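[1] Here you go, sequence then predicted model.
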Amino acid sequence: MTTMPEIMSDTQLQGYTDEQKYQVFNKEFMPHIDSMYNFAFRLTMDEDDANDLVQDTYLKAFRFISSFEQGTNAKAWLFRILKNSFINDYRKKSKEPAKVDYQDVETTYNSDEASETEHTTDLRFETVQDMIGDEVASALNSLPVDFRTVIILCDIEGFTYEEMAKILDIPIGTVRSRLHRARNLLKDKLKEYAASMGYNKNED
Amino acid sequence: MSGTLHSSTTVGVEGRQATAPMKESCEHQADCLKRIQAILDGGASEAEKQHFKDHIDICKPCIDMYHLEKCIKEALQGKVEKKCCPDKIAAAIQAEITK
Ligand SMILES: [Zn+2]
């Protein structure tokens, strides 16, 4: 169907020709495949699931390519599709601890300023500096997926709060508070690791 | 081994003159932490940036929090392995969309 572009809203792109589709796909989408895979792997914690998730996401992206506006943020657009696919298709079967765990954590870290204040201390930055990547990764991996997600998007992928809000479909204020709680939890985990590895002795 | 200079006076975020007395406790620690994170994330408002400037050099707990948050962020960025997509997946995607 070689129709001329019809009247469309700003957000809806004029139909691409097949040629253009491949061009956009390869130029705008494919360069992000490693970031996408890393995100998928950190969400599912499983290589096969990550493979499937990335593949599904890219095929969806191709199918809905006409709703992608060229020149806008392709990476954020792709991450949003991946995140939604994960929630809809993979979350149930992934090795994630049951929802109850997440609720507990939410309640604990949601509660009040008092608990937040207590979390701000006694992990030393030197301790974190001494840790190797695998230890930091283990601490990250041990977080409930929603907390893990905001940290990956912000600290590993470098998305802005605004982009994260779009990817996650939540307001910016929620992005910030979820990040804050995620980081408090991460600090607890880092401290646990440090203690178990004997990092925390008062040398110097 | 470490060739870096370890001076106990360089705790401040930027070269600090020892004018105001250093605060040993911070009364708004949770708020300060949120602000510090927004600064490091590049998502702070103008008001937050100003508050940070006024506060960071005179408050010991905030300086410590700043260093810790920065250090964790850098560890996540720089130390955690980034997994790469296997070539066969990229190939499978290409095969699928061109068929
Ligand atoms: Zn302070």
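    That came in fine, so what should we check first?
[2] do stretch A:149-162 and chain B meet?
    Yes - residues of stretch A:149-162 contacting chain B under Cβ under 8 Å from any Cβ of the partner chain: A:I151, A:C154, A:D155, A:I156, A:G158, A:T160, A:Y161, A:E162. Backbone N, C-alpha and C define where each C-beta goes, glycine included.
[3] residues making contact with that stretch?
    A:35, A:38-39, A:42-43, A:75-76, A:79, A:83, A:140, A:143, A:163-164, A:167-168, A:172, A:175-176, A:178-179, A:182-183, A:186, B:38, B:41-43, B:72-73, B:76-77, B:80, B:82 (Cβ atoms under 8 Å, 6 or more residues apart in numbering or on different chains).
[4] and the residues you listed, which of them are in strands?
    If you go by DSSP state E, the contacts of stretch A:149-162 have nothing in strands.
[5] Can you pull out the low-pLDDT segments for chain A?
    A:1-14, A:92-121, A:199-204 (pLDDT under 70).
[6] try it again with 90
    A:1-18, A:70-71, A:88-126, A:129-130, A:193-204 (pLDDT under 90).
[7] wait, doesn't A:R148 sit right on A:F41?
    No - A:R148 is not in contact with A:F41 according to Cβ atoms under 8 Å; the separation is 11.4 Å.
[8] on that earlier part again, quick one, which of the residues of stretch A:149-162 next to chain B are buried?
    A:I151, A:C154, A:D155, A:I156, A:T160, A:Y161 (16 or more other Cβ atoms under 10 Å in any protein chain shown).
[9] Make TSV out of these and add distance to A:V54 and secondary structure.
    Formatted as TSV, these follow (distance: Cβ to Cβ, whole Å; DSSP: H, G, I helix; E, B strand; the rest coil):
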residue	distance to A:V54	secondary structure
A:I151	20	helix
A:C154	21	helix
A:D155	21	helix
A:I156	16	helix
A:T160	23	coil
A:Y161	25	helix
